[in-house]
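Engineer: Dropping the sequence and predicted coords here.
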Amino acid sequence: MWEEITEPAQTVPQAIQTTRSVVWTEELLAQADLLCAAARECSRRGWVPATSGNFSFRDAETGRIFISASGFDKGLITPNDLLEIDVACRVLAAPADPGKGKPSAETKLHGVIYRDRPQTGAIFHVHTIWNTLLSDRYAAQGAVPLENYELLKALSGVTTHEHREQVPILENSQEYNGLSKELAAALANYPGAHGVLLRRHGLYTWGESIAGARRHLEALEFLFEVEWRRLGSAS
Ligand SMILES: CSCCC(=O)C(=O)COP(=O)(O)O
Ligand SMILES: [Zn+2]
């Protein structure tokens, strides 16, 4: 485990006016624990280096959304590092620790996915070597094609390896209003997609539950590595 480093975040989201701390029910806290365990596992696998990555879940019963705070080591995340937001990405409640009072810089992207994929129960964002390389390699084509792999069946709704999964690629940007519109367009243009890549940045994937999002993440990252190695051995 890395020692905690308390450097300030490089990207500073909007200032937050919040007067209350997150109120956890037993059921929500169990989900928060699951999300944080998955995020820490991503860190152990080297998928969220140097404070990158962000994670959220939406409770199916209440519609309440919780997202990771910005700019800290996600390998150390606990439920105390989650903020509650509404569908418009306004902060409703924050951790008591003022250093954790800002939601992910990429909160708006989570909001677009929850809005435009209404069945979504969790969203994971990771920066891996394979997704970063492939997002650049296929940028001109606009999407990474993954086809005829057995592990495609780990993606919800896919029942055969004879499937062509397209993972759309967006140009990276620090301007999140514009990027949100690009993301909404990609979700509309690729209705079957289980993830979206930001070029030279990372992957967003989601699922109907935390376990579903985690399964999609593992499958896509496995397939990205296979695809990159296949391209290398083919040239
Ligand atoms: C050093 S990572 C740069 C920001 C980023 O891409 C990311 O995934 C983490 O941002 P957050 O505000 O969610 O910590
Ligand atoms: Zn990122």
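Structural biologist: In hand now; what should we look at? Residues are numbered from 1 along each chain as shown. Ligands and ions are numbered 1, 2, ... in the order given.

Engineer: Just give the closest residue to E182, not the sequence neighbours.
Structural biologist: L170 (4.8 Å; Cβ to Cβ, 6 or more residues apart in numbering). Where C-beta positions appear, they are placed from N, C-alpha and C, glycine not excepted.

Engineer: what's around the one you found, how many residues?
Structural biologist: L170 has 21 neighbours, counted by other Cβ atoms under 10 Å.

Engineer: same question, N172
Structural biologist: Close neighbours of N172, defined as other Cβ under 10 Å, add up to 13.

Engineer: residues touching it, list them.
Structural biologist: Neighbouring residues of N172 by Cβ atoms under 8 Å, 6 or more residues apart in numbering: L198, R199, R200, H201.

Engineer: my guess is the residue nearest to E182 contacts L197, does it?
Structural biologist: Yes. Applying Cβ atoms under 8 Å, one finds L170 in contact with L197, separated by 7.1 Å.

Engineer: before we move on, the earlier item: are any of the contacts of N172 buried, and which?
Structural biologist: By neighbour count, with 16 or more other Cβ atoms under 10 Å, the contacts of N172 hold L198, R199, H201 as buried.

Engineer: quick one, phi/psi of the second one?
Structural biologist: With angles defined as degrees, to the nearest 10, R199 shows backbone torsions of phi -60, psi 130.

Engineer: Quick check: it touching S135?
Structural biologist: Yes. If you go by Cβ under 8 Å, R199 and S135 touch, sitting 4.7 Å apart.

Engineer: where do the contact lists of those two overlap?
Structural biologist: By Cβ under 8 Å, 6+ apart, the residues touching both R199 and S135 are I169.

Engineer: burial measure for V23, as a count.
Structural biologist: 10.

Engineer: List, one by one, the residues from this structure near ligand 1.
Structural biologist: Counting by Cβ under 6 Å from any ligand atom, the chain comes close to ligand 1 at 10-11, 50-54, 68, 70-71, 104-106, 125.
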